[in-house]
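**Q** coords below, sequence missing:
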């Protein structure tokens, strides 16, 4: 978390990835047996912070900390209304999630942009 | 950068859905096709979709058109001796296109096409804003 953009950089990457995942769901809305998937926000947040919150083994006699849980992988969605062809994409819900994700992406973009303009103001001394 | 794969994924869906629309148009256009031989008459065609690649793990899939299949529904036999296409027994065979089915299919394909177009437009806007990042 020592980059200029702070957590917003990770947030933008997460949102961009999620955009791809939901786009893939929408693209396969009519594909038989396609299973819709999504990223889990909490899992991604955990793995972003995992490095910082990990136990440090400062002495050789310490028990080695376990591996960081990789919970930022894709999860299958549980459909509200399963369809006969085995497809679990619910188009309207996916569209809503896509819109929500796009707005969150823009929010992260704004935060990152204001961070840059703050730095620029500091560099130029407000002139 | 992974964001560009949105365009690939949604683009593959656009081409698949437009093929589906074309097939619907072809089916509706040939709805009144008749022939004296049941093998010669037009049979409704449908596209078969499949997720491209292996949609497991972290790999995202677009859509592939696996192929176009012809319906196995037998043509409708009709006694119509006045028809120039009629065979020696005075029978003609009409294509088994179901207009209701085709219209429903058309609406579904057109909605899906619109959704994917929307996805591309939103992704394009977001990318353009990302390119403007840091420019006061």
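**A** Nice, thanks for sending it over. Here the structure is a predicted model, which means the values were calculated and not measured.
**Q** who touches the closest residue to chain B within chain A in this structure?
**A** Going by CB to the nearest CB, chain B is nearest to residue A:27 of chain A, at 3.5 Å. Heads up, the C-betas are built off the backbone N, CA and C, glycines and all. Counting by CB atoms under 8 Å, 6 or more residues apart in numbering or on different chains, residue A:27 touches B:9-10, B:12-13, B:61-63, B:116, B:119.
**Q** quick check: mean pLDDT of the helix or strand hosting residue B:24?
**A** Assigned by DSSP states H and E, residue B:24 belongs to helix B:5-29. Mean per-residue pLDDT for helix B:5-29: 94.
**Q** relative to residue A:7, how far out is the closest residue to residue B:30 other than its chain neighbours?
**A** Spatial nearest neighbour of residue B:30, excluding adjacent residues (CB to CB, 6 or more residues apart in numbering or on different chains): residue B:42 at 4.1 Å. Note on residue B:42: its distance to residue A:7, by CB to CB, to the nearest Å, is 60 Å.
**Q** which one of the two has more residues nearby?
**A** Set side by side, residue B:42 and residue A:7 show more neighbours around residue B:42, with 22 against 16, by other CB atoms under 10 Å in any protein chain shown.
**Q** would you agree that one falls within a strand?
**A** No. Under the criterion used here (DSSP: H, G, I helix; E, B strand; the rest coil), residue B:42 is coil, not part of a strand.
**Q** these two touch, right, it and residue B:95?
**A** Yes. Between residue B:42 and residue B:95 there is a contact under CB atoms under 8 Å: 4.3 Å.
**Q** each with direction, which strands does the helix or strand just after the helix holding residue B:24 pair with?
**A** Downstream of helix B:5-29, the first helix or strand assigned by DSSP H and E is strand B:34-35. In the sheet, strand B:34-35 lines up against strand B:91-94 (antiparallel) (DSSP bridges).
**Q** give me the residues contacting stretch B:81-98.
**A** Contacts for stretch B:81-98 (CB under 8 Å, 6+ apart): B:27-28, B:30-38, B:40-44, B:71, B:73-80.
**Q** so what sits against both of residue B:42 and residue B:95?
**A** Residues touching both residue B:42 and residue B:95 (CB under 8 Å, 6+ apart) are B:30, B:33.
**Q** picking that back up, look at the residue nearest to residue B:30 and report its pLDDT.
**A** Taking residue B:42 on its own, its pLDDT is 93.
**Q** next, give phi and psi for it.
**A** Main-chain dihedrals, residue B:42, degrees, to the nearest 10: phi -70, psi 140.
**Q** for it, what are its contacts?
**A** If a contact means CB under 8 Å, 6+ apart, then residue B:42 has B:30, B:33, B:95, B:97 as its contacts.
**Q** before we move on, back to that, okay, the contacts of residue A:27 in CSV with distance to residue A:114 and neighbour count next?
**A** Shown next, in CSV, are the contacts of residue A:27 (distance: CB to CB, whole Å; neighbours: other CB atoms under 10 Å in any protein chain shown):
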residue, distance to residue A:114, neighbour count
B:9, 31, 29
B:10, 30, 25
B:12, 37, 21
B:13, 35, 28
B:61, 37, 21
B:62, 36, 23
B:63, 39, 29
B:116, 33, 24
B:119, 28, 28
